[in-house]
Every structure is written in structure tokens, then in C-alpha cells.
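In: how would this look folded up:
(4 chains)
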4 protein chains.
Amino acid sequence: MRTDKDYQNRLYSYKRNIYLKGEKVGRDHPSFQPGMNAIAENFRLALDPKYKDLFTTTSHLTGHKINRFNSPPRSVEDLLKKIECVRTLAQHLGGCALRCGGMDTLSGISVVTREVDDELGTDYHSRFLKFLQHMQDNDLVTSILITDPKGDRSLRPHQQADPDLYLRLLEKKAEGIVVQGAKLFGETTVQDEITVAPTRAMTDKDGPYAVSFSVPADYDGVTILCKPVLPPLRKRIKAPYAEFGYPGITITVFDKVFVPWERVWLCGEWPYAGRMSSLVALYHRTSYCGCKAAVTDLILGTAALVAEYNGLEKEKHIREKLAHLAATAEQVYSCGVTGAVKAKASSSGTYIPDPVYINAGRYHAGMNIYHEYETLADISGGQGINLPTEEDFLSPELGRFSQKYIKRKADVSAENIWRLFRLVDEMIYSEQAGFWQAAGLHGGGSPVMERLTILANYDIEAKKKLVKRLAGIK
Amino acid sequence: MRTDKDYQNRLYSYKRNIYLKGEKVGRDHPSFQPGMNAIAENFRLALDPKYKDLFTTTSHLTGHKINRFNSPPRSVEDLLKKIECVRTLAQHLGGCALRCGGMDTLSGISVVTREVDDELGTDYHSRFLKFLQHMQDNDLVTSILITDPKGDRSLRPHQQADPDLYLRLLEKKAEGIVVQGAKLFGETTVQDEITVAPTRAMTDKDGPYAVSFSVPADYDGVTILCKPVLPPLRKRIKAPYAEFGYPGITITVFDKVFVPWERVWLCGEWPYAGRMSSLVALYHRTSYCGCKAAVTDLILGTAALVAEYNGLEKEKHIREKLAHLAATAEQVYSCGVTGAVKAKASSSGTYIPDPVYINAGRYHAGMNIYHEYETLADISGGQGINLPTEEDFLSPELGRFSQKYIKRKADVSAENIWRLFRLVDEMIYSEQAGFWQAAGLHGGGSPVMERLTILANYDIEAKKKLVKRLAGIK
Amino acid sequence: MRTDKDYQNRLYSYKRNIYLKGEKVGRDHPSFQPGMNAIAENFRLALDPKYKDLFTTTSHLTGHKINRFNSPPRSVEDLLKKIECVRTLAQHLGGCALRCGGMDTLSGISVVTREVDDELGTDYHSRFLKFLQHMQDNDLVTSILITDPKGDRSLRPHQQADPDLYLRLLEKKAEGIVVQGAKLFGETTVQDEITVAPTRAMTDKDGPYAVSFSVPADYDGVTILCKPVLPPLRKRIKAPYAEFGYPGITITVFDKVFVPWERVWLCGEWPYAGRMSSLVALYHRTSYCGCKAAVTDLILGTAALVAEYNGLEKEKHIREKLAHLAATAEQVYSCGVTGAVKAKASSSGTYIPDPVYINAGRYHAGMNIYHEYETLADISGGQGINLPTEEDFLSPELGRFSQKYIKRKADVSAENIWRLFRLVDEMIYSEQAGFWQAAGLHGGGSPVMERLTILANYDIEAKKKLVKRLAGIK
Amino acid sequence: MRTDKDYQNRLYSYKRNIYLKGEKVGRDHPSFQPGMNAIAENFRLALDPKYKDLFTTTSHLTGHKINRFNSPPRSVEDLLKKIECVRTLAQHLGGCALRCGGMDTLSGISVVTREVDDELGTDYHSRFLKFLQHMQDNDLVTSILITDPKGDRSLRPHQQADPDLYLRLLEKKAEGIVVQGAKLFGETTVQDEITVAPTRAMTDKDGPYAVSFSVPADYDGVTILCKPVLPPLRKRIKAPYAEFGYPGITITVFDKVFVPWERVWLCGEWPYAGRMSSLVALYHRTSYCGCKAAVTDLILGTAALVAEYNGLEKEKHIREKLAHLAATAEQVYSCGVTGAVKAKASSSGTYIPDPVYINAGRYHAGMNIYHEYETLADISGGQGINLPTEEDFLSPELGRFSQKYIKRKADVSAENIWRLFRLVDEMIYSEQAGFWQAAGLHGGGSPVMERLTILANYDIEAKKKLVKRLAGIK
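Out: Presented below is the predicted three-dimensional model:
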């Protein structure tokens, strides 16, 4: 297992294929550092005696101790621990762990490669297990890359004016395949590997779009366009919250990229595209049942601390809001737990959580996220937004004003008040907050996707039957 | 184990102590029949091969097979089965099972009698176990009776102008105690036994109000004032939904009632009043995580069937609402499951579910119940409310109008349309629907109670600590 | 202008054409009395010095003083007074005024008959004005009848399996027309006249369904099937709230009914069906901006009184809910006022309120109605639902229990507590409450209809243009 | 009347008293430019033939044509035009007009100075009118400054550990007064004058805190600490939306500032502090009924354009959301209109809008603002957040990827797609968006303040009386 330094040094050694505001940059560009810090923390905790039981597990391939984020779940217990682990990590980072997506993608592919092989006699699964062992042995980090540009939303992949608007198979060769297109989102700037899966179910006319594979992040023909997310900028009053962040939103372009067969996981078998896409989503939404609960944990903790500093911690209407936040966090988490408890083994041995519960959990999180930001904005008033700048706060000349006029409860120091409301500002009013709002709503699938998934898996006929019996309808 | 006939015949033999609209009536009065039918169904299902595994269990006292509703949970599995059983029963009845409350009260008392004994050296628990065995051996049904009249809500029990506004201990005697007061709600008209527990935490000045006991439903000094709930009245087009209902809302008055020691479960030990009250509530809210999910199941099934009969089952906005209903049902249920999974054994051996999850589940149900009625009212339009009466529908003269003008989809018979919309009318627009709305909001404790309980059991300090670390506050 | 006695005596003299639970009954059947009382109150207030300025106006046809409910609005002031009048009346009755619909239908027809004449050279308008004068001179009450049975909702009128599922023109004759079909809803049991208008826009294939006319309520070929709405049943403790109610939900059947030309308002001119339908709806939604505000007024007043009797009137969370109710009432009303302020004269001289504001108001009311019931149920707890029956309360024997145990604040008499919570029970938990919930959601058009109407009248292109300019899009 | 250049040049000439991130800067610092642009636009439109009728009015003091933003409303018409003007301006700027607050403060002071004079025989009003004429004649811009730091929220002004935590009167002198303290918020960096009013009602012990006055923005003893709000940063693809913005959030410190009597508007008359505070708030919330409607207008227009570019403009669920946005905008605006229509003249001749309607409008806006952001985030998906940077989009090398993969509907150019989604990104996900969310919730007073104000002005007793009559309670 790697150290945080190993992880970073390897990244630094990669070929330059990232563009940031028009310039080609190395992975040591400061813009990626907050995201890299978040992943590095994962490596540190996996070696930390306090956390290692949660963050590591035993490989079912080698029997070696490995990072949990490279291990598809083999039991209900694994699924429960995964949720716990993600919640703990998100609480610790105050944001995205950046490593769940890879785990979730690997889990989904582990199931589908086996199913394709079983039914079509292909040989994807054993090759995938070799790749998985490579990931485990080298403790690598892979991205989740699902979302295609999609062009005109009212047309299917093969109907688009430009056939590349969904990533596609260009050519099959003896040693591998050639692919072309792009995938949106994903943290490919700070990860070792890129793993791609289809974004949706395909029809027989969309065959070339049923494609899945893995390549190194700096692979030939891969270009990453990165839109940075401004991290909290602190100069002198540092805090862990301001160290972690998002490493930029990417468009990862595949320009006639050749992928050898040992890294191909689906290649034209269109009936399995939807299966792979929905399973990756399912595993990722399972992670969300942990991480979204953590987001609420932090909003709740912050709101409670603000109320305390303002002398309002006993106000009923504030306590009512805190209780509602607590309920929301635990409702989301409960759906995750229940989805895990009701999981079933697939033919690959990887456990599949129950899609109804998992989607009900992610859906609930998505439906509440904006309201949670509103709750913290409500309880913290305009405070945070009107905090003196760090420079004004520390200025020998201005401090007599800036430190004087932010005081609240007499027994809380001006510095602690500043620290708390700076966190509020960064958490809900910053550019990064805007990004987290979008992620909270859409990450892992928007509420509309979860509604569709719930319906697809819910036995509505059984409910109608109950009603028919009660109504005396034959 | 008793048959449904045994149950009803025993009730019919009870002394007359119920008043209905000013008249003293027997338990064979038609007003109680829908409630009696609901409980009778429980007895039938317990003997039905298809359901008996769910509805029965083995007594830990005698090893005999007993009805699950007389058995405090002894494991996580028991708690999970209890939730399942309640959901199944409520789906089957289209309403309240009327037997959960008793089970939940017995569960709570089983825990607290042991705790009081352990700490104060009293001897409640062994006496209670004898009573419990009596309940099990004779397959009896007991009520839940918690809510006192409470008078002026801004005053504590001992501060009320009339000391009886909370039920209280009047006198301790060698053979037992004398109590006076009243309890609201509870289905004492169709149950064998009445079990009373305190409604809230008490202070040292409220000692006489910390009282719990059981007496037969027709016991000397017990008078039941019943306000009937108008059941669906059908004459010729019968349906199961219209057979079951609520047996009337009661004020059960205790007028200098003597209770022998072998039926007393708390008697002045005020520090345990809150513990008993909150545990009974906790068990009852656990039941709600099953039965409220069932309420939503039926609303969903009805809405889906209405959409189908109207030819609108593929409309996206309707499917969106169905998905939201499904999500709500399963979110509530998930909280129940998680509360059960995280349960712990008490000193009595009875398992106590986790209060945060259980309360988050019941809270979610309560917060959504009116909106669920709204959803069904929305999808079914004004239909149901404007259905021809049964007589007009069946009238040889009027049928050519009434059957003609209720037609919808050509291939659904007028009778089935009538049956479905009659169900809608009874389910959401009738007097009974008004009662179920109130019960859905307040039964087992209103949302405000669950918020308070969540806060009382939630580690907000831990969340503040997470935030302090992230903010760099020492 | 008529007295309340005149109104009732005339109704009593009508031919029997109403069926109630399979029986043909006269208009003196007790089931219609609560509705008749509500309309009679309108006649009384119109003669009451305190109210007459609001309830009467001057006919623009004759210059005589007439009831406002027979007068299409001729100015912004008229529209404002109409809203005020409806709000006042609904506050006074605690429910539906039962006379607005007729006014609103007459208003819509007054506009469209003139427009049809102007464009097609027909002669509807002058005949309509004669009918209107007849209504004014005799101070008659007409119904609103819009909603057809509609059969399969996915088919248009002419596509239905049974062509009568929308009311239609069967035959044109020299002296008039013959119509067949049925209309749902409407209070035709307690009104003098029946006025019919199309339920929706029609296409050229739906020509025969574009039909509007008026006939007396007991006219040949008209049969009324009535489903009663159980009114509050009080025997000894009377109260105004329990006197007024809904006179039953009707299906009014037209079985080959001949309508003379002087009472025909549209007859096959299909392009005007939608115009008439939407204008009648618009006027009716304008009324709702008054009456729904009144519904909220009463929910608010009841909630405030409950809080006071419970000793909780200063609790912040209750005051917060009262403020929210007040805001909702006044938001709905404000939309009505703004719709009136921005009204424009039609070619007939009748003023047409602005459809965007009126629909925004009715929409807001519909979106909030269930939540308002929930708020009162929340603040009043389970109280009301568990009130002793009238008989138990007044019983010499049981009063010592029933009056003792409903006491709250010491200085409020048991009778007043009973009176208040009986009102709560009747207002939110009774069969009639179920009906009002449905009416609050769907009456005058469901929220989905208002959304469609807003969009149809809203200049979205203008908003896109604002955005294009700001974005620099040409 | 001034030109935009006059306005800016005068600002540039002011003494340096602003600190930005620790440095003293001039008003020509780029950070203030977006805010200055917004105000400059007001000056331009006032001279624009298309807008001048709306943006100017006639001074009741001099009869000269003046900017509407320096004129307290003298009629219902003035109030209606003010709302219209603010809505138009906010639509035009895509954000805050930055000049309403001053108008609203002047309006409130114009009322209260006269009332104080009438009752206490002081001479504030005539001096204020001279100042007002000075503002009008020179076409100056004044700030609104209300909010004190407030320290411990559970303590009143005179109870704070530091007496300066509310701005206070230090000393009365023959020629004027000396004040000390600070005020939060306000756009003092881009305005000519600073006008201060109390933040809340005061008690007799809080006398020195009842203080109101005006001073030039660069006055001796005034120090402005500014926290910048990052504006949209565009280099080559310019757009009006990116030109306007917020000029930074300020703490304006008054360090022993001497104010001559001719600029003092309240000075220790504590019973009038609440009156002034609530009137300024009332006028400002009236402005919000226009500007918040405009915010919704732009969200709606953007969402509609996004749907169009995605090919989804006919999807029912999107149209439903657009209709809801339209309804919200017009409900807020309707409350403003109704508040204006029901306004009454004060003794000063300034018209006071009805507080219930105005607060109901602002409240509705505040309660919906987060949900509106959510709606746009929902409809636009993750688009916007993942847009190629300007540099990558324009790069000769990368354009073949970045322009290719953002295409949607074939007939919309890549540039227009970029322009639209860049606007989305700036509007809802940027640092400035975070600021607008806070302003949308709290600006002019948070929802909790409007609830309190509604209750303080609402006749709840009248509603209880309606209910008592209906219930038969004497």
C-alpha cells in the first residue's frame, strides 16, 4: 500500500496532457493541489491505526491487505463498511473523497464482465480481474467516467449530427480497439487511471456506443481540458477545510485512442450497456448515501456552532431546524444501510445492493440539498458573507475595527468567530460552494434519474393488486 | 391461540361500560364492528399457513407458539419481523391493525420494570412477566393508553387547576393502589385489557402521576366514552376495504379504580416515567415505520390504478409522483430497518431499537402524510367525490345514466370504475379519512415529538467537533 | 330583489327531478338545507344595511339595484368589490357561497356572445342580455356547469367510445336545439337556473361539443343525481358553522333536452369553445382569490383560538405558522387584486381580469390547501378528533367526566372548549372537510390547469430576450 | 441630472477611506467597477428616451425633473412606478440596482422626521427636506445603512459587553453630534452619501442607540472595510451580464464622527427608532417586490433558453417548472402592487404602502429563492459547471475539442451555447451567485423578520372573532 507521498510523486511524473485556461500544465500545478490533498488524506488514513480497519480490507484475489477503495464488495458487511468509510472520509475532508467513483466503477464492471462472459462466451472477466489485481497491488486510483456530451437531448446516440457526441468504438483490431469521443466530469487530473463506462442503455443501432475500458491518465491520445474550481484562498489563518477541494472539472477527450484487449470491458455488446451504466450508478449512489449524510453532518455541526456563538443555541426554531437536518442525514444513511442489508450476490461474487433503497436514499439527498444550504444560510444570517478579509482582520492598523466589530458572545475569541464564519463563507457562498450545490443535486445522477430507477425496480403491480383486493375488483 | 370467533365472543361477554352518544351499549353494537373485524383478521392470519410464520413466534417464557403481538422483541430479527408483520397487516386491512399499540406498550414495560427493579430493588418485573404470560397463554389483546387530557398545556401535572387532568395515584393500599383520571385515544372498545403508561417525563413534584398498570377492559370503575368514526357504509357492493375501520375514539375514565399489586408496573417512581413513556413511544414508532409505509403503498397502488383507468398511466408527471410515493414509503421503512439493525439488548433481554433512526422514520411519515393525500386527490381529480351513490348506480331506472356517465377507458367495466373511485372516496374524502389524516400526523407522536426525541439522542457535540477541526478552532 | 324566503319558496315549488340515494325527492329534503341556508344568507346580507353596498350594485341594463352576483363586472372597481364580497361571504359562511359560479358563468358568456356576434354575425349577445335582465329582475340564482364526464382522458370528445361522454348538440331545429349528455359538479339542487358552458377548447371535429345554454333547474329532460355531503349534525349545541354546507354533489343529466334559441349561447362555433371555457374559469378563479383567502382566514382564526385555549398563544413556532397562514391568504388575495387592477374592457363592456395574476392566485391557493389543513391539524393536536359527543357532553350522568376532562386553560368554560374543538372536528376531520379539501384543490381548476393557463398567457419569449441580451446572444 | 460619467468622476475624486484586503485603495480600484457600472446604468437610463418616464419624476420640492431614486413616493402611482422601475432595472442589470436602498431610506426618514417634529416639537423635518433637495439637485446617490454588528444576539444594545456593537451617540454638541460604531452591508464604496438609520426598536435604556444621520462617503472618521465579491471574469467573450456586479460587502466604521445638526435625523428619541427602522425596511421590501420578481424573470428566461438549446422545451415537466417560476414572480409582484394600491399618506405627504402585503411579498420571495436556484440547476443539469474555459474555447489548438463537445441542438452555434451556459455558471454557481443567494434570503430582512412584521400588523383578533361567531362562542 502506498503512502501519500508515493501517490503524489507518481502523479507528478505523468506526461503533460492537461490544459488549464488554454495552457498545458503539469500535475504539480497549484490548481490541482486541493484535490490531490483530499486523495492523499485517504492514503494517510489507510495507514492510520485509528482508521485502517475501516479504510482497508483483504483482497479476495491475493489475500493481501488492500485499500477498500480498490475492492468490489463481497458481502453485506463490505457494503455497510463502504458506506461507513465514505461517510467518515467526507466528514473528515469536508467534501468529496474523490476515490469512491473509481471503486464504484470497478464494482459495476466486475459484475457485468462476468455476466457478458456467461451469456456470450466472451472473456472479459478474467482480464478484468487481472487489471483489478494490478490496481490493488499498486494501490492505484482510477476515475469514474460515465457522462457523454450527449448533444441534442431529444436524439439517441446514433442520431446525433456529430457521431462523436457519445464516446464510440471506431475500429476493432487484433490487439485492441480504437475509440473516439469525450467524457465529462471525473477527477482525471489527480488520478492514475481512467475507467470509462457507457452513460445509458443502448439500442441495437447504438452498438458502437456500448464501450468500456481503462487507460492510464496520461495515455496517448487522451487530452484533459480542465475548468478549475477556485479553492478557498487563505494566506495566514489556515484550516483543514481550506486545504481540501475539487481538482477542477474536466472534459476528457479521446482522440483515436488505441486500447489493448486486456483493458477492454465492453465493446459493442449493446444489451449490456444499460446494465453496466445502471450498476455503476447504483454503486455510486450507495457511496452517496454515506457522503451526502456527511455533508448534512457538517451543515448541522456548523449551524449548531453558529447558533452557540450567537447565543441562540436554545431557541426552539433553531433546534427544530437542527433536528430536521439530523433526520435528513439519517434518512439518507438508513436507505443506504437497508440497501446493503438487502443486497444479493451476483454471479461474479460481487454483492449488488438493493436498487430501490439506494435510489430512494440518493433521491432524498438530492431533493434536500438546496434546502440544507438554505437552512445554514438562514441560521447564520448574512454573517460569513460580510466577514472582514483575512488581511483586514490581521492588519495592525485595521484590527481594532475588524476584530472589534465581529465579536458575538463575549467568551468566544474574535479569531474563533472569524474562523467559524470564514468556514460558513467558504462552505455556502464561495465558488466552490456553487460547485458542491451542483454536485449535491446531480452527482451520481439527478433526482429525475433516481425516480426512473426506482420505478424500473419497484413492483407497482403488487401495490395495484393490494388495492384491487381491497376494492373488490376482480 | 384463539380464533377470530373466540376473540369476538369473549368481547361480547364483557360488562357494559361503554357509552356511545349518551347511551350505554354492549360490545356487539355495530359501531365497533369494523374495528373488531380488523383485529379478528389478525387472529385469522395467525392461523393462516401463508402468514403464520410472520404473525406468530415462540414465547421466551413458555416455549409455546404465540401471537407475535404479545411478544416483546428478543432480537434484531424479531424487530425486523415485527415491522414486516405490521406492514403486511396494514396493507391487508387498508388501515390500522389495532393490536400494535398493545405489543409496543408491553415491550416498553418489560424493559422499564426490570430497570426499576435493578436500581430500586422493587419487584415489578417478575409480576409483569406473569401478566405477560397470561396475555400470551390466553392470546389476549391489550390497548395502548398513554395520553392524558393534560389541561393547560403551559402547566405541569401538579400545577393543573384540577389534579385529575393527568391520571394519578390516589392511594396506596396493602393489596394494591387506587387511581383516578382519564386517558385519551386507544381502542379500548374492542380489546380485552387496558394497559396504562405515563404520557411524559415527570419531576419530583409530579410523583403521583408516574403510574402504570393493567386492568381488564370492563373492570369496575372504568367507563369508556366513545365518539364513533363513521365507517364506509355500503349496502350491496361490498369490498374488504369497507369492512375494516376504526372502532371509535375513546376517553377511558378511571373513577377511583383499585388495581392489585400484581397488575401495577410503576407507582410513584417518577424518574422512570419519562423512560417508560419514551420507550413505549419508541416501540410504537417502530410499528409506524411499517404501517405508514403500508399507508403509502395503498395510496400509491390506488393512484396507479386511477391513472390506468383514466388512460394516463404513461404520463411522466404521474409517474414522477408515483416514484416519489414509492421513495417516501421505502425511506420510512428503511429508517425502521436501520433502527432494528442497530438495536441493543436491554437488561430484561428485550431489544431496544435505535431511537434516532426510528424517530427519523416516523417523523418522515408524519411530515409527508398530508402531501400523500394531496397526491392521490391530485391524480384522481374530483373523481370519487362525485361518484353516483350506490343506490343510483344500481337503480334499474337511473343506471342508464349513472353507469353511462362514469365510464372511462372503454375496456374497464362501470362496476370496476365505481369500485375504484368508491375506494378513493372512502380513502381520502370520508369522515374516516379525516380520522386517518389526524392519526397519520399525530399517532405515536407528532413530528414535533420526534424532533425532540432525535435531538435528545443525537450527538450534536460530535458534529460540532468535526466542524471545529475543519475550521481550525481549538 | 328577493328575500331569503322568496328564494326558498320558489325552490320548493319546483318539479321533482332530483334523485338522492335512489329516491326522487323534493327540494325540501333536509339534505339540501345547509346549501340552501348558505344561499339564503346571501339574500339576507344583500338587504342588510351593513353589507348591502358590497352585495348589491346597479344594473347597467336597467339602472335598477340588483344583487352583485347577477352582474358581470363593468370596471376595475366592480372586480375589486366582487373579490371583497366573495371573501366576506365565505368568511361569514365558513364555506362556499354557492352563488359565485353563476355570476362567473354569466360574465364569461357576456364576453363571448358579443365576440362571436362581432366575428360571425350571429345574434347571441342581445338574446343573452335579455336573459341576463330576466336573471337580474327576478333575482335568480344560476349554476355553473362546465365539467363533462370526459371518459377516457387520453381521447378527445369526438373520439370517445360513447359520443355522449361530453355534452353535445344532437339536433338543430327552427325554434331551438336538442342537447344530450351530462355535466358533473355544480349546485343545481339549490339553484333556479342551470347554465352550461364547454369544458375545454374544441377542434373542428368536436364541433357539436361547442355548446352553451341556460334552462330552468327543473326543466323537461333534466335529471339530477345527487350524492349528499354529510353536514355537521348537531342536535342541541347549535352554531352558525353547522348551519351552512354543501347541498350535494351532482351529475346533471340532459336527456334529449330541447333549448329554445333565446337561451342558446353557443352552438357549434367550435373556435369559441375554448374562449368561453377559459373565460368562465378566469372569472371563477377570480372569485377563488377571495374565497380561498377566506378559507385561510378561518383556518388561521381557528388555529389562533386553539393556541389561546391551550395556553400556547405566545409560542414562537405557533406564531410562525400563523404568520405563514396570514401571508398565504394575502398572497392569494393580492393576485386577485392585481388581476383586477390590470383588467381590461372587452367589446361587450364586461371587464376581463388579467389571466396571469388571477391564475397565479388560484394556483397558490391550490398548492397550499392541504398544507393549511395540516397546519391546523398540527396546532390543534389530536383535539377535536377526540371530543366527547354532544350527547355525552350534555348527559347528566356522564357530564362529570366529559366536561371535566376536556378542560384546558382554567378560565375558559368547558362549553366554549367543546364549541371550538367541535368546529375543528367539523372543519378538518369530517366528511364535509374531505369535500372541502377536494374543492380547495380542484374547484375552479386544479393547479395543473392554472400552470397551463399561466404559460399560455405569459410572455416567456420576452424573458428569453432579456437573458439573450445579458448573455450577449444575438 | 447627472450623466454616468459625472457620477463616476465625482466618485473618483473622493478621499481614500476604503480598505481592500488590507490595502487603502481609491474608488477607481477594479473591484468596485462592476457595482459602479450598475449605478452608472441607472444614470444612463434616466436620460434614455425609452426609459426616462419610468426613471425620473418631478420633485415636489422644486418642481424640477429628478431621478426617481431621490424621490419619496407622493402617491399610489409613485409607488407602482417605483416597483416597475426597480423590476425593469434589475431585469436590465441581471442583479442589484444598488440605488433603491438609498431611496428607501430617504422615504422612511421623510415620514419619521415629520412625526417626531409633530409630537416632540423638534425640527428635523425641514432640515431633512433641505438635505433631500441637495440630493435631488445634485443627483446624488446615498446608501442604506441599517444593520449593526449586534454582538451577542441574546442581549439588547445597552447590555452588550462592548457598547459600540450598536452604533451610538457619544456626545451632543452645539453644532452637532458625535457618533461611534459600525454598520454592516451597504454599498458605501460606490455611493456619494452614507445615510444611517437604527436597526431595530429601542427601549428607554437604549436611548443613545436611536440615531440617524447622513454624511458624505469619504467623510472624516469614516473608514470602509471592503470584502470584494469576485465578479465574473471574462477576457474576450464579453457580455452585459458580466459587466455588472456587486461592489463588495462593507463594514463602515464611524470612529468618533462629528455630524452637524443639519444632517441629523434622529438623536436619542428612542420611541421612534423602531418606527424608522421598520419604515425603511418597509420601503426596501417594496423595492424587493420588484427586484425579486426580476430575479425570477431571469431565472425563468435562462431555464427556458436552456431547455430550448437542449431540445427539451416541450417537455411537460420542464414547462411545469417554468409555470411555477412565472407564478412565483407574479405572486411576489402582486403583493407589491397590492401594498401600493392600499398605501396611505403620512403626515409628511410621503405615501406608506400597506405593510402586510409588502411583507407577504418579500417573505414569499425569500422563502422561494433557494428553490429557484435549484430549479435552474435542475433544468440546466451539470451544464455550465463543466463548460470549457474561455481560453480553451477560443484556443486554436483546443477549439476542435472544446467547441465540438459542447454542441447541443445542431442549429445553435457553439458560441451561443457557450454564452448561455457561461451565464448559467455565473448566475448560479459562482462566488457572486453565493452572494446573491444570501441577498435573496436576507436582503431587506430575512423571512423571519417578515413573519414578525406581518403578525405585528395583522388583525388576528378579527379572524378569531369570525371563528367565535361561527362556533357560537360568546
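
In: touching chain D at all, stretch A:278-289?
Out: No: contact of stretch A:278-289 with chain D (Cβ under 8 Å from any Cβ of the partner chain) is absent, the minimum separation being 14.2 Å. For every residue, glycine as well, the C-beta is placed using N, CA and C.

In: longest helix anywhere in chain A?
Out: Assignment by DSSP state H gives helix A:273-309 as the longest helix of chain A.

In: now for the helix or strand following that helix, which elements pack on it?
Out: On the C-terminal side of helix A:273-309, the closest following helix or strand by DSSP states H and E is helix A:316-341. Packing partners of helix A:316-341 (3 or more Cβ pairs under 8 Å, 6 or more residues apart in numbering or on different chains; DSSP states H and E): helix A:76-93, helix A:273-309, helix A:355-379, helix B:316-341, helix B:355-379, helix B:447-457, helix C:316-341.

In: After helix A:316-341, heading C-terminal, what element do we hit next?
Out: Next element after helix A:316-341 (DSSP H and E): strand A:344-345.

In: separation between the closest residue to residue A:227 other than its chain neighbours and residue A:96?
Out: In this structure, residue A:227 finds its nearest non-sequential neighbour in residue A:249, 4.8 Å apart by Cβ to Cβ, 6 or more residues apart in numbering or on different chains. Residue A:249 is 12 Å from residue A:96, where distance means Cβ to Cβ, to the nearest Å.

In: picking that back up, next, format the helices and strands packed on helix A:316-341 as JSON lines and append distance to residue C:243, mean neighbour count and mean pLDDT.
Out: Listed next are these as JSON lines, based on distance: least, Cβ to Cβ, whole Å; neighbours: other Cβ atoms under 10 Å in any protein chain shown; pLDDT from 0 to 100:
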{"stretch": "helix A:76-93", "distance to residue C:243": "59", "mean neighbour count": "22", "mean pLDDT": "98"}
{"stretch": "helix A:273-309", "distance to residue C:243": "50", "mean neighbour count": "26", "mean pLDDT": "98"}
{"stretch": "helix A:355-379", "distance to residue C:243": "44", "mean neighbour count": "26", "mean pLDDT": "98"}
{"stretch": "helix B:316-341", "distance to residue C:243": "38", "mean neighbour count": "25", "mean pLDDT": "97"}
{"stretch": "helix B:355-379", "distance to residue C:243": "27", "mean neighbour count": "26", "mean pLDDT": "98"}
{"stretch": "helix B:447-457", "distance to residue C:243": "35", "mean neighbour count": "20", "mean pLDDT": "96"}
{"stretch": "helix C:316-341", "distance to residue C:243": "24", "mean neighbour count": "25", "mean pLDDT": "97"}
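
In: Could you point out which of the ones you listed sits nearest residue C:227?
Out: Shortest distance between residue C:227 and the helices and strands packed on helix A:316-341, using Cβ to Cβ, is found for helix B:355-379: 16.7 Å.

In: Is the helix or strand just after the closest one positioned near chain C?
Out: Toward the C-terminus, helix B:355-379 is succeeded by helix B:390-394 as the next helix or strand (DSSP H and E). Yes: Helix B:390-394 lies within reach of chain C by Cβ under 8 Å from any Cβ, at B:390, B:391, B:392, B:394.

In: who's residue A:172 bridged to?
Out: residue A:177 (DSSP bridges).

In: Surely it is in contact with residue A:267?
Out: Yes: with contacts counted by Cβ atoms under 8 Å, residue A:172 reaches residue A:267, the gap being 7.1 Å.

In: Flag every residue of chain A that's near chain C.
Out: Counting by Cβ under 8 Å from any Cβ, chain A comes close to chain C at A:315, A:316, A:317, A:320.

In: Turn those into JSON lines, including distance to residue D:354.
Out: Formatted as JSON lines, the residues of chain A next to chain C follow (distance: Cβ to Cβ, whole Å):
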{"residue": "A:315", "distance to residue D:354": "30"}
{"residue": "A:316", "distance to residue D:354": "30"}
{"residue": "A:317", "distance to residue D:354": "27"}
{"residue": "A:320", "distance to residue D:354": "31"}
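
In: Kindly indicate which of those lies nearest residue A:118.
Out: Residue A:118 lies nearest to residue A:320 out of the residues of chain A next to chain C, by Cβ to Cβ, at 53.3 Å.

In: ok, which stretches of the stretch 1-150 of chain A are strands?
Out: Along the stretch 1-150 of chain A, the stretches classed as strands by DSSP state E, counting those that start in this stretch are A:18-20, A:23-25, A:56-58, A:65-67.

In: Residues touching the second one, excluding its own?
Out: By Cβ atoms under 8 Å, 6 or more residues apart in numbering or on different chains, the list of residues contacting strand A:23-25 from outside reads A:16, A:17, A:18, A:19, A:31, D:391.

In: Partner strands of it and their direction?
Out: strand A:18-20 (antiparallel).

In: And the partner strand, how far out from the chain middle?
Out: Centroid separation between strand A:18-20 and its chain, computed with Cα atoms, centre = their mean, to the nearest Å, is 21 Å.

In: List just the nearest of the residues of chain A next to chain C to residue D:342.
Out: Taking Cβ to Cβ as the measure, residue D:342 sits nearest to residue A:317 out of the residues of chain A next to chain C, at 30.1 Å.

In: show me what contacts residue A:98?
Out: Neighbours of residue A:98 in contact, by Cβ under 8 Å, 6+ apart: A:35, A:38, A:39, A:42, A:187, A:190, A:191, A:247.

In: Can you pull the residues of the stretch 1-150 of chain A lying near chain D?
Out: So the stretch 1-150 of chain A meets chain D at A:19, A:20, A:21, A:22, A:23, A:147, A:149 (Cβ under 8 Å from any Cβ).

In: List phi and psi for the fourth one.
Out: Backbone torsions for residue A:22, taken as degrees, to the nearest 10, come to phi 90, psi -10.

In: so how far is chain B from it?
Out: Here the criterion is Cβ to the nearest Cβ, to the nearest Å. By it, residue A:22 lies 34 Å from chain B.

In: Next one, pLDDT for the nearest residue to that residue once chain neighbours are set aside please.
Out: Nearest non-adjacent residue to residue A:22, counting by Cβ to Cβ, 6+ apart: residue D:391, 3.0 Å away. At residue D:391 the predicted local confidence, pLDDT, stands at 97.

In: next one: residue A:382
Out: Looking at residue A:382, the pLDDT reads 84.

In: ok, it - how many residues close by?
Out: 19 (other Cβ atoms under 10 Å in any protein chain shown).

In: That one touches residue D:437, doesn't it?
Out: No: here residue A:382 lies out of contact with residue D:437, judged by Cβ under 8 Å, at a distance of 11.0 Å.

In: so residue A:253 touches residue A:226, yeah?
Out: No: look at residue A:253 against residue A:226 with Cβ under 8 Å: they stay out of range, at 11.5 Å.

In: so where's the stretch 1-150 of chain A uncertain?
Out: The stretch 1-150 of chain A contains no residues with pLDDT under 70.

In: need the helices for it, in chain order.
Out: Using DSSP state H, counting those that start in this stretch, the helices of the stretch 1-150 of chain A run over A:4-12, A:33-47, A:52-55, A:76-93, A:100-120, A:124-137.

In: Return the most buried member of the strands of the stretch 1-150 of chain A.
Out: strand A:18-20 (a mean of 24; mean count of other Cβ atoms under 10 Å in any protein chain shown).

In: Outside of that strand itself, list whatever touches it.
Out: A:24-27, A:29, A:31, A:189, A:223-226, A:228, A:248, D:389, D:392, D:395, D:398.

In: go with 10 Å
Out: Where contact means Cβ atoms under 10 Å, 6 or more residues apart in numbering or on different chains, the residues beyond strand A:18-20 that reach it are A:24-27, A:29, A:31-32, A:188-190, A:217-218, A:222-228, A:247-248, A:250-253, D:388-389, D:391-392, D:395, D:397-398, D:401-402.
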